[in-house]
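Colleague: below: sequence and its predicted model.
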Amino acid sequence: MRVLHAMPNLTRPFGGPIEALVGFVHAARNEATTTIVGPPCPDAERDWLASQLPPDTRIVFGSARDLVRHADVVHVHGLLNPHSSSAARATLAARRPLVLGPFGTLSRYTFTHRRRLLKRLYFAVVDAPAVRRAQAMHFTTEAEREDAAWHGIDFTGRAHIVPPPWRARVPPSRPHDGNTVLFLGRLHAKKGLDVLLDAWPTVRASRQGARLIVAGSGDIRFDARRGVEYKGFVTGEAKAACLRAADVFVLPSHNENFGIAVLEAIAAGVPVVVSPGVQLAPWVAERQFGVVADRTPSAVADAIMRVLGDAELRSRVARGGAEAVQRDFGVQRVAPALLDMYRSAISRCTS
């Protein structure tokens, strides 16, 4: 099987989607040869991406237009951006099987925040035809699929739930002191960092010596506050050091179609505080690996203090977090669903 992945961004700061892409390639490697196409990026990012992928993976920087006809299935990641949109249109024009993963962009939140009219117009004219005609729609959670229903598009027989495969490894955590809070992600309004910062004075007042680590890059202007350490974008050992230092990880997002950073934290033995908008929240609650809190400063502060004060919870996540993440989201667990989605798209295209 020849799989073509079309991505709108191939750099590490793009966050979860690029980590998910690497996982999907590894999950399909026993039955697929893979080509990845995306916009040009700096040499350091090219080298990093190549180092993360199986050695036979081909990476092309440019347009997908001339590549789609050579693929057995084309997996387009994202909506509302020209690179993904053109790849989807080229795939349909070439009558090749199209798998379309929206990255959560079909949610109501996407269309009601920032450039609302422009998004609605772009979607109606450019992306909606591809969404209606795609042989398979790739959602990472059941909640993401439910979030897309408000468009009134029929996904019957085409919707597939395939989470990003977990493959990362983090060095064992050091003994925790119960005082360090971590935010790791893009500094974007969607992520709810403002809520965490508004909650922080309450946490700081109740726990002497508490510190907040903020690691990430983005378009939010960061104002230093007492007890807050800003690390900027981190990767590799720098990211591992942040996770080793943390006693609780916080992600109070407005909307998060999956939340790979949540898995990173739990696999590193760190309990989490997440909002209901993080679509891994039901899994976190079911596994008892943290607290699901309303996205308000008072609720987030209460949840953080609850986790910092619960040594048994932190011990439970440290003991069993990595095994649970691997069992529920490991490459071998995800691979069958991913390959079934590709085969279904091929079958629907040729039938």
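Modeller: Structure received.

Colleague: wait, residue 132 touches residue 153, no?
Modeller: Yes. At 5.8 Å, residue 132 counts as touching residue 153 under the criterion of C-beta atoms under 8 Å. All C-beta spots, glycine's among them, are computed from the backbone N, C-alpha and C.

Colleague: so what's residue 13 up against?
Modeller: Shown in contact with residue 13 (C-beta atoms under 8 Å, 6 or more residues apart in numbering): 186, 217, 233.

Colleague: okay, and the common contacts of residue 132 and residue 153?
Modeller: With the criterion set as C-beta under 8 Å, 6+ apart, the contacts of residue 132 and residue 153 do not overlap.

Colleague: so what are the domain limits for the chain?
Modeller: According to automatic domain parsing, the chain comprises the domains 2-165+330-350, 180-329.

Colleague: rank these by pLDDT, which is bottom?
Modeller: Least confidently modelled of these is domain 180-329, at a mean of 91 by mean pLDDT.

Colleague: between the two ends of it, what distance do you get?
Modeller: 27 Å (C-alpha to C-alpha, to the nearest Å).

Colleague: list the buried residues in stretch 52-64.
Modeller: By neighbour count on 16 or more other C-beta atoms under 10 Å, the buried set for stretch 52-64 is 52, 53, 57, 59, 63, 64.

Colleague: filter the residues you listed down to the ones in strands?
Modeller: Among those, the residues falling in strands (DSSP state E) are residue 59.

Colleague: of the buried residues of stretch 52-64, closest to residue 274?
Modeller: Proximity of the buried residues of stretch 52-64 to residue 274 (C-beta to C-beta) peaks at residue 52, which lies at 26.1 Å.

Colleague: report the contact partners of that closest one.
Modeller: Residue 52 touches residue 22, counting by C-beta under 8 Å, 6+ apart.

Colleague: do you know how far it is from residue 45?
Modeller: From residue 52 over to residue 45 the distance is 11 Å, taken as C-beta to C-beta, to the nearest Å.

Colleague: repeat for residue 65
Modeller: Between residue 65 and residue 45 the computed distance is 23 Å (C-beta to C-beta).

Colleague: likewise residue 34?
Modeller: 18 Å.

Colleague: between the two, which is the more surrounded one?
Modeller: Legend: neighbour count by other C-beta atoms under 10 Å for residue 34 and residue 45, higher for residue 34 (23 against 17).

Colleague: and the more buried one, what element?
Modeller: Using DSSP states H and E, residue 34 maps to strand 33-38.

Colleague: what lines up beside that strand in the sheet?
Modeller: Its sheet considered, strand 33-38 pairs with strand 2-6 (parallel), strand 58-61 (parallel) by DSSP bridges.

Colleague: so which of those strands is nearest residue 26?
Modeller: strand 2-6 (12.1 Å).

Colleague: what sits up against the helix or strand following the closest one?
Modeller: Downstream of strand 2-6, the next assigned helix or strand under DSSP H and E is helix 16-28. Defining contact as C-beta under 8 Å, 6+ apart, one finds that helix 16-28 is touched by 1, 3, 5, 7, 9-12, 34, 36, 49, 52-54, 57, 75, 77-78, 103, 140, 164-168, 258-261, 331, 334-335, 338-339, 342.

Colleague: now helix 16-28 against strand 2-6, angle please.
Modeller: In terms of direction (axes from the mean of the first three to the mean of the last three C-alpha atoms, to 10 degrees), helix 16-28 departs from strand 2-6 by 180 degrees.

Colleague: flag every buried residue along helix 16-28.
Modeller: Applying 16+ other C-beta under 10 Å to helix 16-28 flags 16-28 as buried.

Colleague: from the chain's centre, how far out does that helix sit?
Modeller: Relative to its chain's centre, helix 16-28 lies at 10 Å (C-alpha atoms, centre = their mean, to the nearest Å).

Colleague: right, and the pair among the buried residues of stretch 52-64 with maximum separation?
Modeller: 52 and 63 (23.1 Å).

Colleague: could you dump the buried residues of helix 16-28 to JSON lines with distance to residue 286?
Modeller: Below are these laid out as JSON lines (distance: C-beta to C-beta, whole Å):
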{"residue": "16", "distance to residue 286": "21"}
{"residue": "17", "distance to residue 286": "25"}
{"residue": "18", "distance to residue 286": "28"}
{"residue": "19", "distance to residue 286": "23"}
{"residue": "20", "distance to residue 286": "22"}
{"residue": "21", "distance to residue 286": "27"}
{"residue": "22", "distance to residue 286": "27"}
{"residue": "23", "distance to residue 286": "22"}
{"residue": "24", "distance to residue 286": "24"}
{"residue": "25", "distance to residue 286": "29"}
{"residue": "26", "distance to residue 286": "26"}
{"residue": "27", "distance to residue 286": "23"}
{"residue": "28", "distance to residue 286": "28"}
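
Colleague: ranges for the helices of the stretch 1-150 of the chain?
Modeller: 16-28, 43-52, 82-93, 108-112, 116-122, 128-133, 142-148 (DSSP state H, counting those that start in this stretch).
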